[in-house]
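Participant: quick check, what structure comes out for this input:
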Amino acid sequence: MGIKVGIVGAGISGLLACKYALSKGYSPIVFESKNTIGGVWTKTVETTKLQTPKPLYQFSDFPWPSSVETAFPTQNQVFDYLQSYANHFDLTKHIRFNTKVVSIKYEGPSYEEIQSWDLWGGNGDPFGKKGKWSITTQNLFNQSIQMEIDFVILCLGRFSDVPNMPEYPKGKGPEVFEGKVMHSMDYSAMDYESARNLVKGKHVTIVGFQKSALDIAMESSIANGN
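Facilitator: Modelled structure (predicted):
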(Lines give C-alpha, C1' and ligand atoms only; values in the text may rest on other atoms or scores of the structure.)
Protein backbone atom coordinates (compact mmCIF):
# COMPACT_ATOMS: atom_id res chain seq x y z
CA MET A 1 0.00 0.00 0.00
CA GLY A 2 2.86 2.42 0.69
CA ILE A 3 2.32 5.72 2.44
CA LYS A 4 -1.37 6.39 3.11
CA VAL A 5 -2.47 10.01 2.78
CA GLY A 6 -5.84 10.99 4.24
CA ILE A 7 -7.49 13.92 2.46
CA VAL A 8 -10.53 15.58 4.03
CA GLY A 9 -12.79 17.13 1.40
CA ALA A 10 -13.36 16.48 -2.31
CA GLY A 11 -13.59 20.06 -3.52
CA ILE A 12 -11.00 21.59 -5.84
CA SER A 13 -8.18 21.41 -3.27
CA GLY A 14 -9.05 17.85 -2.33
CA LEU A 15 -9.02 16.71 -5.95
CA LEU A 16 -5.65 18.38 -6.53
CA ALA A 17 -4.20 16.82 -3.38
CA CYS A 18 -5.43 13.40 -4.45
CA LYS A 19 -4.03 13.75 -7.96
CA TYR A 20 -0.58 14.83 -6.82
CA ALA A 21 -0.43 12.26 -4.02
CA LEU A 22 -0.97 9.61 -6.68
CA SER A 23 1.73 11.14 -8.89
CA LYS A 24 4.21 10.73 -6.03
CA GLY A 25 3.36 7.07 -5.57
CA TYR A 26 1.33 7.51 -2.37
CA SER A 27 -2.02 5.93 -1.57
CA PRO A 28 -4.61 8.70 -1.04
CA ILE A 29 -7.98 8.24 0.63
CA VAL A 30 -10.36 11.17 0.21
CA PHE A 31 -13.17 11.54 2.76
CA GLU A 32 -16.16 13.49 1.47
CA SER A 33 -19.27 14.07 3.60
CA LYS A 34 -21.49 14.72 0.55
CA ASN A 35 -22.40 12.28 -2.20
CA THR A 36 -20.46 14.12 -4.89
CA ILE A 37 -17.30 16.10 -5.52
CA GLY A 38 -17.23 19.87 -6.01
CA GLY A 39 -17.17 21.51 -2.58
CA VAL A 40 -18.81 24.95 -2.66
CA TRP A 41 -19.86 24.40 -6.29
CA THR A 42 -22.42 21.80 -5.22
CA LYS A 43 -24.59 24.48 -3.56
CA THR A 44 -25.05 27.75 -5.42
CA VAL A 45 -27.87 30.01 -6.51
CA GLU A 46 -29.13 29.78 -10.07
CA THR A 47 -27.32 32.86 -11.42
CA THR A 48 -23.92 32.07 -9.85
CA LYS A 49 -21.02 32.36 -12.27
CA LEU A 50 -17.28 32.14 -11.92
CA GLN A 51 -16.03 35.51 -10.68
CA THR A 52 -12.50 34.95 -11.98
CA PRO A 53 -11.78 34.93 -15.74
CA LYS A 54 -11.67 31.38 -17.02
CA PRO A 55 -7.95 31.36 -17.99
CA LEU A 56 -7.04 32.21 -14.40
CA TYR A 57 -9.24 29.47 -12.94
CA GLN A 58 -8.14 26.22 -14.46
CA PHE A 59 -5.91 23.25 -13.70
CA SER A 60 -2.44 23.63 -15.20
CA ASP A 61 -2.62 20.13 -16.68
CA PHE A 62 -6.28 20.13 -17.67
CA PRO A 63 -7.54 23.17 -19.65
CA TRP A 64 -11.16 24.13 -20.05
CA PRO A 65 -12.92 22.37 -22.95
CA SER A 66 -13.34 24.39 -26.14
CA SER A 67 -17.12 24.10 -25.77
CA VAL A 68 -16.98 26.58 -22.86
CA GLU A 69 -16.59 29.85 -24.75
CA THR A 70 -17.65 32.40 -22.13
CA ALA A 71 -15.02 34.12 -19.97
CA PHE A 72 -17.09 33.56 -16.82
CA PRO A 73 -18.58 30.04 -16.89
CA THR A 74 -21.83 29.24 -15.08
CA GLN A 75 -21.92 27.15 -11.93
CA ASN A 76 -23.05 24.13 -14.00
CA GLN A 77 -20.10 24.53 -16.35
CA VAL A 78 -17.68 24.79 -13.43
CA PHE A 79 -19.15 21.69 -11.83
CA ASP A 80 -18.93 19.75 -15.11
CA TYR A 81 -15.30 20.86 -15.46
CA LEU A 82 -14.45 19.50 -12.01
CA GLN A 83 -16.22 16.24 -12.81
CA SER A 84 -14.24 15.92 -16.04
CA TYR A 85 -10.98 16.52 -14.16
CA ALA A 86 -11.80 13.81 -11.63
CA ASN A 87 -12.78 11.36 -14.38
CA HIS A 88 -9.75 12.15 -16.54
CA PHE A 89 -7.30 11.31 -13.75
CA ASP A 90 -9.46 8.49 -12.35
CA LEU A 91 -9.71 10.10 -8.93
CA THR A 92 -13.23 9.03 -8.00
CA LYS A 93 -12.20 5.52 -6.98
CA HIS A 94 -10.07 7.02 -4.22
CA ILE A 95 -12.99 9.00 -2.73
CA ARG A 96 -15.23 7.73 0.04
CA PHE A 97 -18.48 9.62 -0.39
CA ASN A 98 -21.05 10.19 2.35
CA THR A 99 -18.22 9.79 4.83
CA LYS A 100 -17.72 12.44 7.48
CA VAL A 101 -14.50 12.75 9.48
CA VAL A 102 -15.51 13.12 13.12
CA SER A 103 -12.08 13.03 14.78
CA ILE A 104 -8.38 13.15 13.95
CA LYS A 105 -5.83 12.22 16.58
CA TYR A 106 -2.05 12.00 16.35
CA GLU A 107 -0.62 8.91 17.98
CA GLY A 108 3.12 9.11 18.38
CA PRO A 109 5.86 10.99 20.24
CA SER A 110 4.91 13.29 23.08
CA TYR A 111 4.53 17.03 22.56
CA GLU A 112 7.73 17.61 24.56
CA GLU A 113 9.70 15.28 22.29
CA ILE A 114 8.32 16.91 19.14
CA GLN A 115 9.30 20.34 20.48
CA SER A 116 12.92 19.18 20.73
CA TRP A 117 13.14 18.22 17.06
CA ASP A 118 15.21 20.36 14.72
CA LEU A 119 13.75 18.66 11.65
CA TRP A 120 10.16 17.91 10.64
CA GLY A 121 9.28 14.37 11.70
CA GLY A 122 12.46 14.25 13.77
CA ASN A 123 14.53 13.21 10.77
CA GLY A 124 13.44 15.52 7.95
CA ASP A 125 10.88 13.06 6.63
CA PRO A 126 7.49 14.85 6.43
CA PHE A 127 5.69 11.60 7.14
CA GLY A 128 7.82 10.76 10.15
CA LYS A 129 8.75 7.30 11.33
CA LYS A 130 7.44 7.33 14.87
CA GLY A 131 3.76 8.14 14.67
CA LYS A 132 0.46 7.79 12.85
CA TRP A 133 -2.75 9.74 12.51
CA SER A 134 -5.87 7.99 13.76
CA ILE A 135 -8.94 9.05 11.78
CA THR A 136 -12.49 8.19 12.80
CA THR A 137 -15.18 8.51 10.15
CA GLN A 138 -18.94 8.13 10.13
CA ASN A 139 -21.13 7.20 7.17
CA LEU A 140 -24.80 7.71 6.35
CA PHE A 141 -25.76 4.70 8.46
CA ASN A 142 -23.97 6.15 11.52
CA GLN A 143 -21.35 3.44 11.28
CA SER A 144 -17.99 4.56 12.67
CA ILE A 145 -14.72 3.37 11.18
CA GLN A 146 -11.27 4.05 12.60
CA MET A 147 -8.08 3.76 10.58
CA GLU A 148 -4.42 4.76 10.73
CA ILE A 149 -3.02 7.23 8.20
CA ASP A 150 0.57 8.37 7.65
CA PHE A 151 -0.26 11.94 6.67
CA VAL A 152 -3.37 14.13 6.71
CA ILE A 153 -4.28 16.99 4.35
CA LEU A 154 -7.26 19.16 5.30
CA CYS A 155 -9.07 20.50 2.22
CA LEU A 156 -12.13 21.95 3.93
CA GLY A 157 -11.97 25.38 2.35
CA ARG A 158 -12.94 28.62 4.07
CA PHE A 159 -16.56 27.71 4.65
CA SER A 160 -16.74 24.05 5.70
CA ASP A 161 -20.56 24.05 5.86
CA VAL A 162 -20.51 26.09 9.08
CA PRO A 163 -22.48 29.37 8.75
CA ASN A 164 -20.78 32.41 10.23
CA MET A 165 -23.64 34.06 12.09
CA PRO A 166 -23.16 37.36 13.96
CA GLU A 167 -23.95 37.62 17.66
CA TYR A 168 -26.67 40.02 18.77
CA PRO A 169 -27.46 41.59 22.14
CA LYS A 170 -30.29 39.84 23.96
CA GLY A 171 -33.65 41.01 22.68
CA LYS A 172 -32.18 42.63 19.59
CA GLY A 173 -31.58 39.64 17.31
CA PRO A 174 -33.58 37.54 14.83
CA GLU A 175 -36.02 36.48 17.56
CA VAL A 176 -37.60 39.94 17.59
CA PHE A 177 -37.57 40.41 13.81
CA GLU A 178 -40.94 39.78 12.18
CA GLY A 179 -39.41 38.64 8.91
CA LYS A 180 -37.33 35.59 8.02
CA VAL A 181 -33.61 35.46 8.82
CA MET A 182 -31.34 32.94 7.13
CA HIS A 183 -27.72 32.42 6.13
CA SER A 184 -26.62 32.43 2.51
CA MET A 185 -25.59 28.76 2.87
CA ASP A 186 -29.18 27.83 3.71
CA TYR A 187 -30.47 29.89 0.79
CA SER A 188 -28.04 28.26 -1.63
CA ALA A 189 -29.06 24.80 -0.42
CA MET A 190 -32.67 25.39 -1.58
CA ASP A 191 -33.85 24.39 -5.04
CA TYR A 192 -33.91 27.28 -7.50
CA GLU A 193 -37.69 27.71 -7.68
CA SER A 194 -38.17 27.66 -3.90
CA ALA A 195 -35.33 30.13 -3.40
CA ARG A 196 -36.80 32.64 -5.84
CA ASN A 197 -40.30 32.25 -4.44
CA LEU A 198 -38.90 32.98 -0.99
CA VAL A 199 -37.71 36.46 -1.98
CA LYS A 200 -40.41 37.26 -4.52
CA GLY A 201 -42.49 40.24 -3.44
CA LYS A 202 -40.29 40.80 -0.38
CA HIS A 203 -38.05 43.59 0.86
CA VAL A 204 -34.69 41.80 1.18
CA THR A 205 -31.80 43.07 3.27
CA ILE A 206 -28.45 41.41 2.60
CA VAL A 207 -25.67 41.70 5.18
CA GLY A 208 -22.26 41.50 3.48
CA PHE A 209 -20.73 42.37 0.14
CA GLN A 210 -18.85 39.26 -0.96
CA LYS A 211 -19.66 36.79 -3.74
CA SER A 212 -22.64 35.11 -2.09
CA ALA A 213 -24.16 38.48 -1.16
CA LEU A 214 -23.94 39.75 -4.75
CA ASP A 215 -25.37 36.48 -6.12
CA ILE A 216 -28.36 36.63 -3.79
CA ALA A 217 -28.87 40.33 -4.58
CA MET A 218 -29.06 39.37 -8.26
CA GLU A 219 -31.49 36.55 -7.48
CA SER A 220 -33.73 38.92 -5.50
CA SER A 221 -33.68 41.46 -8.32
CA ILE A 222 -34.63 38.88 -10.96
CA ALA A 223 -37.37 37.38 -8.76
CA ASN A 224 -38.94 40.84 -8.35
CA GLY A 225 -38.63 41.87 -11.99
CA ASN A 226 -35.97 44.56 -11.42
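Participant: okay, buried residues for the helix or strand bottoming out on mean pLDDT in the chain please.
Facilitator: Least confident helix or strand, the chain: helix 111-115 with a mean of 83, by mean pLDDT, DSSP states H and E. By 16 or more other C-beta atoms under 10 Å, the buried positions in helix 111-115 come out as Ile114. C-beta here means a position set from N, CA and C on the backbone, and glycine is covered the same way.
Participant: what residue ranges in this structure score low on pLDDT?
Facilitator: 1, 126-130, 158-160 (pLDDT under 70).
Participant: show me where this structure has its helices.
Facilitator: 12-23, 75-88, 111-115, 184-189, 192-199, 211-223 (DSSP state H).
Participant: how close does the residue nearest the centre of the chain get to Leu16?
Facilitator: Centroid-nearest residue in the chain, with C-alpha atoms, centre = their mean: Gly39, separated by 3.5 Å. Taking C-beta to C-beta, to the nearest Å as the measure, Gly39 falls 11 Å from Leu16.
Participant: quick revisit: save the helices of the chain as a markdown table, and put in distance to Val30 too.
Facilitator: Converted to a markdown table, the helices of the chain look like this (distance: least, C-beta to C-beta, whole Å):
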| stretch | distance to Val30 |
| --- | --- |
| helix 12-23 | 5 |
| helix 75-88 | 10 |
| helix 111-115 | 27 |
| helix 184-189 | 22 |
| helix 192-199 | 29 |
| helix 211-223 | 25 |
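Participant: Gly121: neighbour count?
Facilitator: 17 (other C-beta atoms under 10 Å).
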